[in-house]
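Participant: requesting a structural model of the entry that follows:
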Amino acid sequence: MRQWRRFNFKFMLALVSKRVDYMTNSSIAFLFPGQGSQAVGMGGALAASHAAAKQVFEEINDALGENLFAIMQDGPDDAIRMTRNAQPALFATSMAAVRVLEAELGAPLSSRGGMTAGHSLGEYAALAASGSLSISDAARLLRQRGDSMQSAVPVGEGAMAAILGGDEDQINAILADAKSSGLVQIANDNAPGQIVISGAAAAVDAAIEIAKAAGLRRAIKLPVSAPFHCDLMAPAADVMAKLLAETDLSDALMPVYCNVSAAAETRADHLRANLVTQVTARVRWRESLMAMSAAGATKFIELGTGKVLSGLVKRSIESDAVVNMDGPDDLDSVLAEM
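Facilitator: Below you'll find the model as predicted:
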């Protein structure tokens, strides 16, 4: 009998140990996309197939006091591209994917992953998924974020462009030459050879011409409504500082790799401060991916609309798996990596 008890104890201990390892898999990083991935119809298939997703969209409709989900499904395109709609809509789709996964797993996402990060507005989804920020509060903040960013610079006076094929030193040299035409800065360091610049329209145009003359692969003006992540967004940062000071944030239950630091944060005060700073600061996405990889992440799961971040992972670092969950058809492939 004693021998059986010793065997049974060892067997149960092994099971428990295996369960704990499974539930706290530090090799998994959850990623959340930013603006640019929005499209009419986003989130519709998830809402139709999973009650947990439908509840997220209803909660966000209630938080905003309007039927955002109807705009997401029916458009028109111009409406879903508006910053004030695109930001909470992308967040909604990401959180719908989170809630569907949690329903399937029977546990919070924070108990299954080692870390998380979101690109620009996607950082709000990373905080919500890590238990730091409520869905309703995040949706309201993103509506205000979109409005304040749009109003910070008159339409047509700001611009953004993607410059492909150059490294940071080359881009900085180009921007130094272009600054005689106005303010222009690196907005996103997305992947090796993929940098986005932002600033005054004339300065961005000048940078595009200088980049082409320097022989860089491509320099493309982006179809955006405002010059995000540059100092021209200072009025929007002031608005967000006030709103975030009035919003409850908790310490994150899993590390969030923040855009402005490319480092892991869990403390609520640090997360709040970083959300304010990121309005005018560079998105250090390439560095964030490298930091997560160095911390042990080998599996990257993108939750939300599109596969942009999955592509950036493949261009930036070595990984064992890169999968995304845009709709219900992706669920099995994501669960297989967890």
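
Participant: give the bridge partners for the nearest residue to Ala201 once chain neighbours are set aside, please.
Facilitator: In space, not counting the residues next to it along the chain, Ala201 is nearest to Ala159; the distance is 4.2 Å by CB to CB, 6 or more residues apart in numbering. In this view, the C-beta of every residue, glycine as well, is placed from N, C-alpha and C. Counting by DSSP bridges, Ala159 is bridged to Gly199.

Participant: pretty sure Ala207 is touching Met160, no?
Facilitator: No: under the criterion of CB atoms under 8 Å, Ala207 is not in contact with Met160, lying 10.5 Å apart.

Participant: need the overlap of contacts for the two.
Facilitator: Counting by CB atoms under 8 Å, 6 or more residues apart in numbering, the common neighbours of Ala207 and Met160 are Ile197.

Participant: show me where the stretch 151-300 of the chain has its strands.
Facilitator: With DSSP state E, counting those that start in this stretch, the ranges of strands along the stretch 151-300 of the chain come out as 158-164, 184-191, 194-200, 218-221, 256-257, 264-265, 299-303.

Participant: the first one: how far from the chain's middle?
Facilitator: Spelled out, it's strand 158-164. A distance of 19 Å separates the centroid of the chain from that of strand 158-164, by CA atoms, centre = their mean, to the nearest Å.

Participant: same for that strand, what does it pack against?
Facilitator: strand 194-200, helix 201-213, strand 218-221 (3 or more CB pairs under 8 Å, 6 or more residues apart in numbering; DSSP states H and E).

Participant: format the ones you listed as CSV; extra columns: mean pLDDT, mean neighbour count and distance to Val184.
Facilitator: Compiled in CSV, those are given as follows (pLDDT from 0 to 100; neighbours: other CB atoms under 10 Å; distance: least, CB to CB, whole Å):
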stretch, mean pLDDT, mean neighbour count, distance to Val184
strand 194-200, 98, 26, 3
helix 201-213, 97, 19, 4
strand 218-221, 95, 16, 12
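
Participant: walk me through the domains of the chain.
Facilitator: By the assignment in automatic domain parsing, the chain contains the domains 24-152+231-336, 158-221.

Participant: now the end-to-end length of stretch 107-117.
Facilitator: One end of stretch 107-117 to the other measures 20 Å (CA to CA, to the nearest Å).

Participant: buried residues, that stretch. List them.
Facilitator: 108-117 (16 or more other CB atoms under 10 Å).

Participant: do the same with stretch 290-307
Facilitator: Buried residues in stretch 290-307, counted by 16+ other CB under 10 Å: 291-293, 295, 297-307.

Participant: still on that earlier bit, in a markdown table: the strands of the stretch 151-300 of the chain, plus distance to Trp285.
Facilitator: A markdown table is the format used below for the strands of the stretch 151-300 of the chain (distance: least, CB to CB, whole Å):
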| stretch | distance to Trp285 |
| --- | --- |
| strand 158-164 | 13 |
| strand 184-191 | 5 |
| strand 194-200 | 9 |
| strand 218-221 | 18 |
| strand 256-257 | 9 |
| strand 264-265 | 15 |
| strand 299-303 | 12 |
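
Participant: quick one: closest of the ones you listed to Val98.
Facilitator: Across the strands of the stretch 151-300 of the chain, the minimum distance to Val98, taken as CB to CB, is reached by strand 299-303, at 5.9 Å.

Participant: direction included, what does that closest one pair against?
Facilitator: Sheet partners by DSSP bridges: for strand 299-303, these are strand 28-32 (parallel), strand 321-325 (parallel).

Participant: among the ones you listed, show me which one is buried the most.
Facilitator: Comparing those by mean neighbour count (mean count of other CB atoms under 10 Å), strand 28-32 ranks first with a mean of 28.

Participant: helices or strands up against the next helix-or-strand element following that strand?
Facilitator: Using DSSP states H and E, the helix or strand that directly follows strand 28-32 along the chain is helix 44-49. Applying 3+ CB pairs under 8 Å, 6+ apart, one finds that helix 44-49 contacts helix 51-64, helix 68-74, helix 83-105.

Participant: 6 Å - rerun?
Facilitator: helix 51-64 (3 or more CB pairs under 6 Å, 6 or more residues apart in numbering; DSSP states H and E).

Participant: so what touches the helix it packs on?
Facilitator: Helix 51-64 has contacts (CB atoms under 6 Å, 6 or more residues apart in numbering) with 46-47, 67-69, 92, 95-96, 99-100, 103, 135-136, 139-140, 143.

Participant: same question for stretch 120-138.
Facilitator: Against stretch 120-138 from outside (CB under 6 Å, 6+ apart): 32-35, 59, 63, 87, 91, 94-95, 98, 109-110, 116-118, 142, 247, 249-250, 252-254, 256, 259, 271, 283.
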